[in-house]
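Undergrad: need a structure here:
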Amino acid sequence: MLSRATAVRSNALHFKLTDNVVMKPAQARVRKLLILLVLALGQAPLFAHEIVLPQIVEMQIAPQGDALVVGLKVPAAVAGDSSLPGLLKGGDTAALEEHLRIVAADIARNLDIQEGETTLPQPAATVRRAPDGASIEVELRYPYRVEAGGLSARLNAFSSKDGPVRTDARYLPRSGREQVVGITGPAVRVEFDPSIPAALSTLATRGLNALFEGGDHLLFLVCLLLPMRRPRSAAALYAAAGLAQGVVIALYVARAPMMAPWLPGAAMAAASVIAIAALQNVARARMRWVVPLAIVFGALSGWTFGSIADTSAQFAGAHRLAAMLAFGLVILLGQLWLGAITLALRTWLHERGLPDRVVAMVGSAIVAHSAVHRVMERAPGIADNGWPGGERGVEWLTLAWLGAMLIAAAVNAASRTPARVHSS
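TA: Predicted coordinates:
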């Protein structure tokens, strides 16, 4: 009996030693892989973008009697006539008047103001040199029926080789509050005082655009689902992040002046959280540590979505609340759909026999690389908002944080993580 027990213990010891021998090469491969990834991340160029302020076109639209009066103040550099800045500073009045007449006609054509689907008749135009000597003032008077609806214009049809152009338009109806619209980038047709269906459609479209612009939420979603998770765990993470996101979007829209100054810091912190989530994948963090991180990221990404929602609210006219609900609903449902697709793809890869640990490690390294770039790109925004030490201090702080993250990742990956520790 004694000899049999001794044999059992001997066999168990033999299997344990054999397992250790088998595991050592695997651990060595993991260490080598991590070292290569760290070196690759270290060699990646880190840079920050220079911030260029846009040139502003001021515009005011108001019905007056039987006419629609459109007034604009346009910087000469964006008026589409390369000789105009020099003429404004020179003394050739006849040449200046001829160029101003052509520029005013071109501006009226590009505005393409419509009532419904019908373009308004050619306006009577008045144009003159602005007091600052670097801009022109244009007044366009269109025949217009006050009771007509569906008024729209093509805004920001300007360009400049010196940087972006922004059009700030104010629509002053006879009744109701004014509508203020600011457009930067390509020309966009804007409807003034839109109907409820038009407002909901516009905000839903803008929500979809924000969702698919490749923002932080897509990186974080991929990072969460790189480890194999049960559908119940994935749903819990979505609920935690989605709830925090929805609350912060609502807070931003309600308190935009208070929250807007903190947007650059929130954007940089959101990118940092993505890198931390990647580190959790490397360290095989338990679910109880992943959920709080999802809540934090949901709040930070909600800050960015809230900023987009607040900017988009200008297109809703008098239907701001309904349009904001449509925007938020599109964001939350869209992320749920993307998460379901990502989870299905991850399950498919698992069923095809692709090693889960390799997928999590390599995918997390790629996501962390993108997150670090986002952190560095957003550092100037924080510096411009009064960060102590300026941009240089932020860059050094970020590099120190990055070094600490990489060291922590290396230590966690090189350590022998118990087999019972899983991500979900």
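Undergrad: Domain parsing of this protein, as residue ranges.
TA: Domain assignment for the chain by automatic domain parsing gives 55-193, 205-414.
Undergrad: Can you tell me which of these is nearest to Ala199?
TA: Nearest of those to Ala199, taken as C-beta to C-beta: domain 205-414 at 4.2 Å. Any C-beta I mention is one placed from the backbone N, CA and C, and that applies to glycine too.
Undergrad: Throw the domains of the chain into JSON lines and include distance to Ala199, thanks.
TA: Converted to JSON lines, these look like this (distance: least, C-beta to C-beta, whole Å):
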{"stretch": "domain 55-193", "distance to Ala199": "9"}
{"stretch": "domain 205-414", "distance to Ala199": "4"}
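Undergrad: mind listing the strands for the protein?
TA: 55-64, 67-75, 114-115, 118-119, 124-129, 135-143, 151-155, 165-171, 179-184, 188-191 (DSSP state E).
Undergrad: Same list (these) but as TSV, adding mean neighbour count, distance to Arg206 and mean pLDDT.
TA: Output for the strands of the chain, formatted as TSV (neighbours: other C-beta atoms under 10 Å; distance: least, C-beta to C-beta, whole Å; pLDDT from 0 to 100):
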stretch	mean neighbour count	distance to Arg206	mean pLDDT
strand 55-64	18	21	89
strand 67-75	20	25	91
strand 114-115	16	21	86
strand 118-119	11	25	85
strand 124-129	16	33	89
strand 135-143	20	28	91
strand 151-155	21	15	88
strand 165-171	21	17	90
strand 179-184	18	12	86
strand 188-191	17	11	88
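Undergrad: could I get these as a markdown table with distance to Ala313?
TA: Below are these laid out as a markdown table (distance: least, C-beta to C-beta, whole Å):
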| stretch | distance to Ala313 |
| --- | --- |
| strand 55-64 | 19 |
| strand 67-75 | 23 |
| strand 114-115 | 23 |
| strand 118-119 | 28 |
| strand 124-129 | 32 |
| strand 135-143 | 27 |
| strand 151-155 | 16 |
| strand 165-171 | 14 |
| strand 179-184 | 10 |
| strand 188-191 | 13 |
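Undergrad: quick one: which of these is nearest Tyr252?
TA: Across those, closest to Tyr252 is strand 179-184 (C-beta to C-beta), at 16.9 Å.
Undergrad: Note down every partner strand of that closest one and its orientation.
TA: Sheet pairing of strand 179-184 (DSSP bridges) gives strand 165-171 (antiparallel).
Undergrad: circling back to that earlier point, confidence-wise, which of the domains of the chain is weakest overall?
TA: For the domains of the chain, mean pLDDT drops lowest on domain 205-414, to a mean of 78.
Undergrad: so what's Gly339 up against?
TA: When contacts are counted by C-beta atoms under 8 Å, 6 or more residues apart in numbering, Gly339 touches Leu221, Leu225, Ala234, Tyr238.
Undergrad: will you turn the residues you listed into a markdown table that also has neighbour count?
TA: Shown next, in a markdown table, are the contacts of Gly339 (neighbours: other C-beta atoms under 10 Å):
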| residue | neighbour count |
| --- | --- |
| Leu221 | 21 |
| Leu225 | 23 |
| Ala234 | 19 |
| Tyr238 | 22 |
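Undergrad: hang on, the earlier thing: which of the domains of the chain sits most buried?
TA: For the domains of the chain, average neighbour numbers computed from mean count of other C-beta atoms under 10 Å are highest in domain 205-414, which has a mean of 18.
Undergrad: Run the chain-centre distance for it.
TA: Counting by C-alpha atoms, centre = their mean, to the nearest Å, domain 205-414 is centred 10 Å from the centre of its parent chain.
Undergrad: and which of the contacts of Gly339 is nearest Val78?
TA: Nearest member of the contacts of Gly339 to Val78, counting by C-beta to C-beta, is Leu221, at 39.2 Å.
Undergrad: can you map out the helices along the stretch 151-300 of the chain?
TA: Using DSSP state H, counting those that start in this stretch, the helices found in the stretch 151-300 of the chain span residues 196-211, 216-225, 231-254, 256-259, 263-283, 287-312.
Undergrad: Please list the residues outside the shortest one that contact it.
TA: If I follow you right, that is helix 256-259. In contact with helix 256-259 (C-beta under 8 Å, 6+ apart) are residues Leu251, Tyr252, Trp303, Gly306, Ser307, Asp310.
Undergrad: Thanks again, I'm all set now.
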